[in-house]
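> Just the structure for this:
(4 chains)
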There are 2 protein chains.
Amino acid sequence: MTDLLPPIQSTARDDAVLKALAGFVRQEALGPGEKLPTERILAERLKVSRNTVREALTRWEGLGLVERRQGSGTYLKAAVSPDMLHMPLTLAGGNDFAGLMRTLEIRRALEAEAAALCAVRAGKDEIAEIKRKLDIMEEAFHTRAGMSSEEDWEFHQSIYRASGNPLFEQIISAMHELFHRFWEHPLGVRDFGHASFPYHRTIFDCIAAHDPEGARAEALKLIATVEDDLKRGAANLKLSDRR
Amino acid sequence: MTDLLPPIQSTARDDAVLKALAGFVRQEALGPGEKLPTERILAERLKVSRNTVREALTRWEGLGLVERRQGSGTYLKAAVSPDMLHMPLTLAGGNDFAGLMRTLEIRRALEAEAAALCAVRAGKDEIAEIKRKLDIMEEAFHTRAGMSSEEDWEFHQSIYRASGNPLFEQIISAMHELFHRFWEHPLGVRDFGHASFPYHRTIFDCIAAHDPEGARAEALKLIATVEDDLKRGAANLKLSDRR
DNA sequence: GTGGTTCAATGGTCCAACCAATTTCTGCAT
DNA sequence: ATGCAGAAATTGGTTGGACCATTGAACCAC
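The predicted structure follows:
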């Protein structure tokens, strides 16, 4: 009963600026990479101070929606729409082992669900596309004799896309980036990801057979191998830390 | 709190301001809810313009790290540390039935995992806290003869917190907000959420018994009831649409 | 105590410059 | 005409100062 009567805010100018800008972007059908009006122009058109415009743009910049280049202009970096939800994820504690494990816990939950949904919903075209990515990945694995992050990631992304829910790709991508931000070099484990290789095909087989629970189980096995690799790497680090 | 906050130089001012502020927060051991120096003080100490300080704080505000209250001050909203990873994620949500179902798919995956992890990791204190929220929720249910969004949500949040992984709360909260943005009124279903009531206690029982798979199963049942309610609501809408 | 009033502190907005990086234009040499 | 160096314009970044709106505390009258 208290939830009605939301607090009013007479001062919300920069918010209003962003709303207006979002509307403008939609009307002009601006896409990523395109340049949007000068701060001075915006200030004049919206009848607000340039300072206010800047604070609004600073928010968008912090959210990664926009990129400013001094002397050049302000450019869109992502698609924006008036009804957007911003979800700033903050992973404190930094680049330690626990941080990596936390991203993996999220990914384990979502990866399994996405694989299951994909097995239910994927049509012929989607399955063919996943198989294509799988073949490329396996090819790279055999020629280079090791896991290839790039092709591996592409394979997984094709599954998320075929899940019919774009949120999976968005959130798992965020976890993936968070993960790779402090894992440029595989912690001293030479064959990192090697153990996960066979499960890529078993996941695909389950998807192709429209077996959601099988796909879920195989996805969980895959993540488990990554967690094991990570733990091995952490153990290595601990040992070599006594240098 | 005098000699901290040394002056700033060179470009990338606002970034430097944030780094200095993060260091200050750590050295002063400031926690959520505490007030940090006024903009004017910061500007003077850091030897930058107040405008620059404001742009920096605007970024933190956009990331949900800080809350500004006009006439009062600027307050920490979350723990911040100098080595923090920010991953702003923007979700383009469609405000239709399918959009609601998509948020539920994410929540189903994460809710189950969080409940399972909680069952493994929750200590005595966390379990007591969850029980407290459960009691409050059940009390509200019986007195008001219906589900109470607020108390229900608090109960779930206490589980996420006890999962030992803050990402669960962050992501599910985003889904929750996305969900409630187009569901102010329960789609014509009078007793929305009613069916989910008993599962709150079964989930708690499994957690208290440190039974992860049981907790996972009960959480899945709970989400299933919400999905059913949603489908009923959608059916209602379709019928009443022929007005 | 209760309920206003005053007043200082604080965030929000505005303005008018100037700085720094970039882009564009200009004009000279070839 | 062409190519290129330098000047000029454009644009985001920063500064300092001013004023407004809100908050909270101290104060006062009842």
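> Report the contact partners of the residue nearest the centre of chain A.
Most central residue of chain A, judged by C-alpha distance to the mean C-alpha position with C-alpha atoms, centre = their mean, is residue A:173 at 2.1 Å. Contacts for residue A:173 (C-beta atoms under 8 Å, 6 or more residues apart in numbering or on different chains) come out as residue A:157. For the C-beta atoms, the positions are set from N, CA and C on the backbone; glycine is no exception.
> and residue A:122, what are its phi and psi?
phi -60, psi 130 (degrees, to the nearest 10).
> Assumed the residue nearest to the centre of chain A was part of a strand.
No: counting by DSSP: H, G, I helix; E, B strand; the rest coil, residue A:173 is located in no strand; its state is helix.
> Longest strand in chain A, by number of residues?
strand A:84-91 (DSSP state E).
> Check which strands are paired with that one and give the direction for each one.
strand B:85-92 (antiparallel) (DSSP bridges).
> Contacts for the strand it pairs with next, please.
Residues contacting strand B:85-92 (C-beta under 8 Å, 6+ apart): A:62-65, A:78-81, A:83-92, A:94-95, A:99, A:167, A:170-171, A:174, A:177-178, A:181-182, B:62-63, B:174, B:178.
> and it, which residues are buried?
B:85, B:86, B:87, B:88, B:89, B:90, B:91 (16 or more other C-beta atoms under 10 Å in any protein chain shown).
> C-terminal to the least confident helix or strand in chain A by mean pLDDT, what's the next element?
The weakest-scoring helix or strand in chain A, judged by mean pLDDT, DSSP states H and E, is strand A:84-91 (a mean of 81). Per DSSP states H and E, the first helix or strand lying C-terminal to strand A:84-91 is helix A:97-121.
> quick one: that next one to chain centroid distance?
Distance of helix A:97-121 from the chain centroid (C-alpha atoms, centre = their mean, to the nearest Å) equals 12 Å.
> helices and strands around that helix, which ones?
strand A:84-91, helix A:149-162, helix A:166-181, helix A:197-208, helix A:212-240, helix B:97-121, helix B:166-181 (3 or more C-beta pairs under 8 Å, 6 or more residues apart in numbering or on different chains; DSSP states H and E).
> pLDDT averaged over the third one - what is it?
So that's helix A:166-181. Helix A:166-181 comes out with an average pLDDT of 86.
> Give the buried residues for that helix.
A:167-176, A:178-179, A:181.
> Out of those, the closest to DNA strand D would be?
residue A:181 (23.0 Å; C-beta to the nearest atom of the strand).
> Could you count how many residues lie near the closest residue to residue A:126 other than its chain neighbours?
Among residues not flanking residue A:126 along the chain, residue A:162 sits closest, at 3.8 Å (C-beta to C-beta, 6 or more residues apart in numbering or on different chains). Residue A:162: 23 surrounding residues under other C-beta atoms under 10 Å in any protein chain shown.
> Wait, residue A:162 touches residue A:124, no?
No: checked against C-beta atoms under 8 Å, the pair residue A:162 and residue A:124 is beyond contact range at 10.9 Å.
> Flag the shaky bits of chain A, pLDDT-wise.
A:1-11, A:93-95, A:182-191, A:237-243 (pLDDT under 70).
> Which residue would be the closest one in it to DNA strand C?
Counting by C-beta to the nearest atom of the strand, chain A gets nearest to DNA strand C through residue A:71 (2.3 Å).
> Domain ranges for chain A, per the record?
Taking automatic domain parsing as the domain assignment, the ranges for chain A are A:13-76, A:97-240.
> starting at the chain centroid, how far to the longest one?
When you say that, I think you mean domain A:97-240. 13 Å.
> what do you get for stretch A:85-105?
12 Å.
> coming back round to it: checking the residue of chain A closest to DNA strand C next. Helix, strand or coil?
Once three-state DSSP is applied, residue A:71 turns out coil.
> Next, give phi and psi for it.
Dihedral angles for residue A:71 - degrees, to the nearest 10 - are phi 80, psi -10.
> quick one: contacts for it?
Residue A:71 neighbours (C-beta under 8 Å, 6+ apart): none.
> same question, residue A:114
So residue A:114 contacts A:159, A:160, A:163, A:165, A:168, A:172, A:219 (C-beta under 8 Å, 6+ apart).
> Any idea how many residues pack against the second one?
Read that as residue A:160. Residue A:160: 23 neighbours (other C-beta under 10 Å).
> doesn't residue A:174 make contact with it?
No: contact between residue A:160 and residue A:174 fails when scored by C-beta under 8 Å: they sit 12.0 Å apart.
> Skipping adjacent residues, who's closest to residue A:107 in space?
residue A:175 (4.9 Å).
> Would you enumerate the residues in contact with the one you found?
A:103, A:104, A:106, A:107, A:110.
> Neighbours of the nearest residue to the second one once chain neighbours are set aside, how many?
What that stands for is residue A:104. Distances taken as C-beta to C-beta, 6+ apart place residue A:227 nearest to residue A:104, at 5.8 Å, with adjacent residues excluded. Number of residues near residue A:227 (other C-beta under 10 Å) recorded here: 16.
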